[in-house]
Structures are given as structure tokens and as C-alpha cells.
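Take this sequence and fold it.
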Amino acid sequence: MKRSSRSAAQLSLTLWSPGADLDTAMLAYTVGDDRDWDRHLLPWDVLGSLGHIEGLRASGLISRADHLKLRTALRAGFRAVRAGRLVIGPEHEDAHSAVELWLTRRAGTAGERLHTGRSRNDQIACDLRLYLKDALLELQVSALGVVAALLYFAELHRDLLWPGYTHTRRAMPSSAGMWAAAYAEGLLDTVEDLPSLWDRLDRSPLGSAAGYGVPLPLDREAAARALGFARVDHNVAKVQNGRGKIEADALFWCTQLGHELSRLSSDVILWSGEEFGLLRLPSRLATGSSIMPQKRNPDLFELTRGRVAALEGDLAAVLGIRAKLTSGYHRDYQLLKEPLIRGVGRARLMLGMLALAVPQLEPDRGRGWEALAGDALATDEVMRRVEAGVPFRRAYREVAAALKRGERFPPPAPARLLVRRRSTGSLGKLGLTHAWRRFERARGWSEAELRRFHAAMDRLVGQRR
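From the prediction side, this is the model:
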């Protein structure tokens, strides 16, 4: 049976075959939807190649003339990617074949030297690390945007009292400010974890090749410096053994951010319902019903909660793919790209939306104060008696008995509730300056790493800041 011209082109453009008679169904199966996900990595593949040729030149493995020709062509390739002229087509197997073919057509024999000392295995590991460095720094900045929105909300509403809940039942007095600041500090806990993940991410895999190095005098450190990595990933065999680990670490970090957003969203969904009424959703943040004209639905918060669940699925996919594999490279690793890139995209969407939504939430002071009447102040009554000299356990039993008799304890003035709670981090002493200092430290780290990363990328493409 005669093969189509497209199938023949596909066969000739794999990087691992000299054009042997391959089964086209097998080829399509192994490529899968890799082209779609590699489109996210195409600029990083060009940048990784620019760093690789710096290592080749430092190692004396390419001539000065070939280095200049390759650098000029790759910089043009980077501009072509940005302009949409260098793309992954159906005739390409992946980003690597698209870039190498484009380069060889323009740089001739010099282009054929690009893959010297490199495998697609360390090439994709490099692409993904560059992609993740860019993506995680962006997510860090977005997460800090949500933190700032929550802290401003907390400052504005620190004395707007409402009940705190345990078991979804009224427990003790809280405030809109304490609620928002708690989520801000929860996000900061995760934001502050990024430098630890960054230390593992900021290592160049180039020179590890297929997992066992190459019999060439590669200057791995030169390539790492050119790409802005702090160091090399030392043991070449560890690079492939670690595939999926960095991806899982990144998605776990995203999931931890997502859990804060999901729980916050669940609060907003519940507390903006008519039965609670503690929060109001502005009409521009609510959706309607196709049959019930009165509805103001919290869809954006429901979808945030749902996207976090889907993000957990992306993390589970990565963990499942890498688990139980033997050492060295396996084609299974190709399937890591989809959940990683999709999960990062989900996190980006959620953080952007919550940064927009939080400042527009409207707490209802009257409903909050009304909800504090009665049982939510029982603990205050216990502590009032303790301060009067009654042992705690006796005061507890006395108040419990009074509640059983139907007695209620009228709320004191709001200022009195606040002044009785002056221990660090409590209702009357939120200490938002503490959270703002943490915010500034995290922002300073992000800005420094962004400058370092962008400076390296700009140098590769011939730009100066």
C-alpha cells in the first residue's frame, strides 16, 4: 500500500531514524498529542539550544565560525517563534525536530552540529526547567497579588465582626479582617516554599545526554552559566531518574496555593448565600440562571474549587507516570508534559481571577453583628467568670447549664470584644505589619530571581537591558 506524502515526510523528519520503513500508525501513536504540548516549549527549546552552543564553543567542539553562524540563526529562530513563523507542523515530530530542521535549512552544515553532545532527553529536561522557572516566577508574582488583595481587605475590615465557625457551626467572634488575613498568611506559607523548590530547579541538566553523559570533553558549567542556571545537576544518571520529580514538586506547590483558594472560595460560596448573608457578591462577579431570574450564582468561586480538584488530578497523573519505573529514560516521561503544562495553566487562571475578585467582596456589617448574638458569645461569658476568680471548669459547666436553660448572653460593645483579645495574632491584634513584612521579603526574592533569569535569557537572544 502506497504511503501518503505527509507520512513519508513524517518518517524523514524524526531525529531518531535515518528514514527506515516505519509503521505510520505506530509513529502517530508514539507522537500522540506531543506537538500540541510542545508548542508551549518551543521558545525554551530555542533558548536551550542557544545555551548549548555556548557550552560546545567553550569545550572546543565547534569552531568560532560555526558558533557564530548557529548563534545568529538561533536568535533569528527565537524571533521567528515569537512572530509565529517558526511553528511545529504536522511534518514535525516535536519541538526539537521543528527547531533543528528550521536551523539546518538556514545554517547548513553548522546546523547539523547542533545536536553534538546532546540527547533529546537532556534537551527536554532543559526546556522544561526553563519553562518552569519562567512559569513559577510568574505564579509567585500572581500569588503575591492575591496576598496583597487579602491584606488590603483585612486592613479595611479588621473591625467588622462576625462569627468564626468550627464544624460549620458558630463558634466564637471573628472578623472579616481576621478571615482575610488568615488566607493571606496561608498563601504566604506556600509562597515562601518556592526558594526550596527553586534550588532543585535551578540546575542545568545539559551534558547528561541520554542519562549517562557523552565521551566528549563537555564544559557543562559553561552551558549552565549561559542559561542562567546556578549550577549543573551533578550526577548525569540522576537527571533522568529525577524526571517527574521536579514536575510533581511544581504541581504540588501549585496545589498548595490552590487549596487556599479553594477553601476561600467555599467560604465565599457559603457565606454569600441568603441563609448566611455575611458577604455580598457584586452583580459583576455573579452569574444568572437561564430559568430563575432572581439568581446571583457564585460560579467563579465554584469553578475555582473545581479547578483545584482538577489540578490535584494533574499532580496524581505525574506521580502515577513516574512511579515504579526502573532507572534511566523511559518513553513514559513524554506523558508528563500534558498534566504539568495544564496544571500550571489552571493555577495561573485561578490566581488571576481571585486577585480580581477579592477586593470586590462586600462584607455585611449588620448581618455579621446580628449573627454574634447568643451562643457565639458563650466562651466570652466563661472567660469573664474566670477573670472574676471562678475556676475554668466550674465556669464552663455553669455557662453550659445556663445555655441549657435557654439563657442568652448579650454581646458587649464591639470595642470591648476587640480589647479582650489582645494576644498576638488574635482578633484585637492582627499584626498585619508582620504579614506585610513577609510579603515584602517574598516579593524581593521574586524580583531578584526574575531579574537574574531575564538577564540570562536576554543575553542569549542578543538583547541588553
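
what's the pLDDT at the residue lying closest to Leu194 once chain neighbours are set aside?
In space, and not counting its chain neighbours, Leu194 is closest to Gln140: 5.6 Å by CB to CB, 6 or more residues apart in numbering. For every residue, glycine as well, the C-beta is placed using N, CA and C. Among the per-residue scores, Gln140 holds a pLDDT of 98.

Gln140 sits in which helix or strand?
According to DSSP states H and E, Gln140 maps onto helix 120-156.

just how off-centre is that helix within its chain?
5 Å (CA atoms, centre = their mean, to the nearest Å).

can you check stretch 197-209 too?
That offset, for stretch 197-209, works out to 19 Å (CA atoms, centre = their mean).

List the buried residues in it.
Residues of stretch 197-209 classed as buried by neighbour count (16 or more other CB atoms under 10 Å): Leu197, Trp198, Leu201, Asp202, Arg203, Ser204, Pro205, Leu206, Gly207, Ser208, Ala209.

Same check on stretch 427-438?
By neighbour count on 16+ other CB under 10 Å, the buried set for stretch 427-438 is Leu427, Gly428, Leu430, Leu432, Ala435, Arg438.

Let me see the mean pLDDT of the helix or strand containing Trp102.
Using DSSP H and E, the element containing Trp102 is helix 95-107. For helix 95-107, mean pLDDT rounds to 92.

Would you quantify the distance from the closest residue to Gly462 other than its chain neighbours to Cys254?
Excluding its sequence neighbours, the residue lying closest to Gly462 (CB to CB, 6+ apart) is Arg75, at 5.3 Å. To Cys254, Arg75 is 32 Å away according to CB to CB, to the nearest Å.

Next up, phi/psi of Pro363, please.
phi -70, psi 150 (degrees, to the nearest 10).

residues contacting the nearest residue to it once chain neighbours are set aside?
Counting by CB to CB, 6+ apart, Ala176 is the residue found nearest to Pro363 once chain neighbours are left out, at 4.2 Å. Contact analysis of Ala176 by CB atoms under 8 Å, 6 or more residues apart in numbering lists Phe153, Ala154, His157, Arg158, Leu160, Trp162, Leu278, Pro363, Gly368.

Am I right that Ser174 is in a strand?
Yes. According to DSSP: H, G, I helix; E, B strand; the rest coil, Ser174 belongs to a strand.

per-residue pLDDT, it?
At Ser174, pLDDT is 94.

what do you get for the one 10 residues further on?
Here the pLDDT value assigned to Ala184 is 98.

so which strand or helix has it?
helix 176-191.

Give me the angle between the helix or strand following that helix and helix 120-156.
Later in the chain than helix 176-191, the nearest helix or strand by DSSP H and E is helix 194-201. Calculated by axes from the mean of the first three to the mean of the last three CA atoms, to 10 degrees, helix 194-201 forms an angle of 170 degrees with helix 120-156.

Can you spell out which helices and strands pack onto the helix or strand following helix 194-201?
Next helix or strand after helix 194-201 toward the C-terminus (DSSP H and E): strand 203-204. Judged by 3 or more CB pairs under 8 Å, 6 or more residues apart in numbering; DSSP states H and E, strand 203-204 is in contact with helix 120-156, helix 220-226, strand 231-232.

Please report how far Ile246 lies from Leu201.
Applying CB to CB to Ile246 and Leu201 gives a distance of 6 Å.

shared neighbours, these two?
Here Ile246 and Leu201 share the contacting residues Arg129, Leu132, scored by CB under 8 Å, 6+ apart.

And the helices in the stretch 201-350 of the chain?
Using DSSP state H, counting those that start in this stretch, the helices of the stretch 201-350 of the chain run over 220-226, 236-241, 245-271, 299-322, 337-357.

List the buried residues in the first one.
Of the residues in helix 220-226, those buried under the neighbour-count criterion (16+ other CB under 10 Å) are Arg220, Ala222, Ala223, Ala224, Arg225, Ala226.

what's the answer for the last one, then?
When burial is assessed from 16+ other CB under 10 Å, helix 337-357 yields the following buried residues: 337-347, 350-351, 353-355, 357.

what angle sits between it and helix 120-156?
20 degrees.

tell me what helix 337-357 is packed against?
Going by 3+ CB pairs under 8 Å, 6+ apart, helix 337-357 lies up against helix 34-38, helix 120-156, helix 245-271, helix 299-322.

What is the first one packed up against?
Yep, that's helix 34-38 we're talking about. Helix 34-38 packs on helix 337-357, going by 3+ CB pairs under 8 Å, 6+ apart.

what pLDDT, on average, does the helix it packs on get?
The model assigns helix 337-357 a mean pLDDT of 98.

Tell me how far Ala135 lies from Ala347.
Ala135 is 9 Å from Ala347, by CB to CB.

Equivalent analysis for Thr104, please.
Relative to Ala347, and taking CB to CB, Thr104 is found at 37 Å.

what's the neighbour count on Leu372?
21 (other CB atoms under 10 Å).

ok, now which ones touch it?
Counted by CB under 8 Å, 6+ apart, Leu372 has contacts Leu161, Trp162, Pro163, Pro173, Pro411.

Now, the residues you listed that are in strands?
Leu161, Trp162, Pro163, Pro173 (DSSP state E).
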